[in-house]
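**Student:** Output the structure for:
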Amino acid sequence: MVGSGQLRLLAGTLCAYERDGLAYELQQALVYVDDLLVVGNSMKGINCLKSLLDKEFNIKDLGELRYFLGMEVARAAQGINICQRKYALNLIKDTIFLGAKPYSNPMDSNAKLYEKCGTVFKGPSKYSRIVGRLIHLTHTRPDIVYSVSHLSQFLANPTNLHYQVALRIVKYLKNEPGKGLFYPSQNNTKVKGFSDFDFDWGSDLDTRRSITGLCFSLVTPSFHGRVRDKKQSQGPQQKQNIAL
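**Tutor:** Numbering: from 1, shown residues only. Modelled structure (predicted):
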């Protein structure tokens, strides 16, 4: 395949390229075990890549992408919505009572967490498992990124207070488990940057360092809670799966 001059393996991503004057076509395939996710800026190039992959590996084309690694994708004329509703509901079910009262924010703004606060938590693996699942959820939930990142600093020696904050984030998810990212079909391609830092200097009580955050985006998605509620069912498959 590489010898055909159409494909290149780059940093674990399979790329296909074709030169047509000054216009370039780029296709990429994200590989996870036996699942492939193909994206690109040309349907002609995508179909060519799928044909080459099918010739080599005998793949099965599942059509447009709807579910991949816990992420649910809904398409509409207005744009594409990506969320992790099913993943969030499973996390809530496995962690807290479904009847627990939800919180309006992921973390108390006045809370000051540090390494030695509270008493030693007797189930560190349980704490690590919850934080790990929350980290995966941050792909589509930027509203919990700071809180989850803060809790991940205490994975080595968690305390009961760290665990309570982790449960609070899960209870916060109960408000809108289907909240996610919406990428509109009509969008201005502009580079936007944001920065934030603590004005009290040294808000980290363990290291006395200040916290600074930077974020840059080329196409800015909106963050909202509307999502298509659609059950997904898949049976056992013998061939490799591919979704566009």
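**Student:** And this protein, split by domain according to the record?
**Tutor:** Per automatic domain parsing, the domain ranges recorded for the chain read 2-77+231-243, 80-224.
**Student:** Mind telling me which of those domains the model trusts least?
**Tutor:** Here the lowest mean pLDDT among these goes to domain 2-77+231-243, at a mean of 68.
**Student:** now the helices: where do they sit in this structure?
**Tutor:** Using DSSP state H, the helices of the chain run over 43-57, 85-95, 124-137, 145-151, 160-173.
**Student:** in the third one, what's buried?
**Tutor:** Right, the one you point to is helix 124-137. Residues of helix 124-137 classed as buried by neighbour count (16 or more other CB atoms under 10 Å): 124, 127, 130-131, 133-134, 136-137. Yep, even glycine has a C-beta here, placed from its N, CA and C like the rest.
**Student:** Repeat that for the shortest one.
**Tutor:** Applying a neighbour-count criterion of 16+ other CB under 10 Å, the buried positions in helix 145-151 are 145, 147-148, 150-151.
**Student:** Could you take those residues and lay them out as TSV, with extra columns for distance to G99?
**Tutor:** As requested, the buried residues of helix 145-151 are exported to TSV (distance: CB to CB, whole Å):
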residue	distance to G99
V145	27
S147	23
V148	24
H150	27
L151	24
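**Student:** Can you tell me the centre-most residue of this protein?
**Tutor:** Central residue of the chain (CA atoms, centre = their mean): H139, 2.0 Å from the mean position.
**Student:** Contact partners for that one?
**Tutor:** Each residue near H139 by CB atoms under 8 Å, 6 or more residues apart in numbering is listed here: 71, 84.
**Student:** quick check, nearest of the buried residues of helix 124-137 to S109?
**Tutor:** Nearest to S109 among the buried residues of helix 124-137, counting by CB to CB, is L134 at 18.6 Å.
**Student:** roughly how far apart are the closest residue to the closest one other than its chain neighbours and H162?
**Tutor:** Residue nearest to L134 in three dimensions, not counting chain neighbours: V148, with 4.6 Å by CB to CB, 6 or more residues apart in numbering. Using CB to CB, to the nearest Å, V148 is found at 12 Å from H162.
**Student:** ok, L69 - how many residues close by?
**Tutor:** Neighbour count for L69, taken as other CB atoms under 10 Å: 12.
**Student:** For it, give me its contacts.
**Tutor:** The contact partners of L69, by CB under 8 Å, 6+ apart, come to Y32.
**Student:** isn't the residue nearest to L134 right up against I169?
**Tutor:** Yes - under the criterion of CB atoms under 8 Å, V148 makes contact with I169 at 6.7 Å.
**Student:** Identify the contacts common to those two.
**Tutor:** Both V148 and I169 are contacted by L134, under the criterion CB under 8 Å, 6+ apart.
**Student:** Identify the residues contacting D54.
**Tutor:** The neighbourhood of D54, defined by CB under 8 Å, 6+ apart, consists of D61.
**Student:** got it, and V148?
**Tutor:** 131, 134-135, 137-138, 169.
**Student:** ok, the residue lying closest to L137 once chain neighbours are set aside - how many residues close by?
**Tutor:** Once flanking residues are discounted, L137 sits nearest to Q84: 5.7 Å by CB to CB, 6+ apart. Around Q84 there are 25 other residues, counting by other CB under 10 Å.
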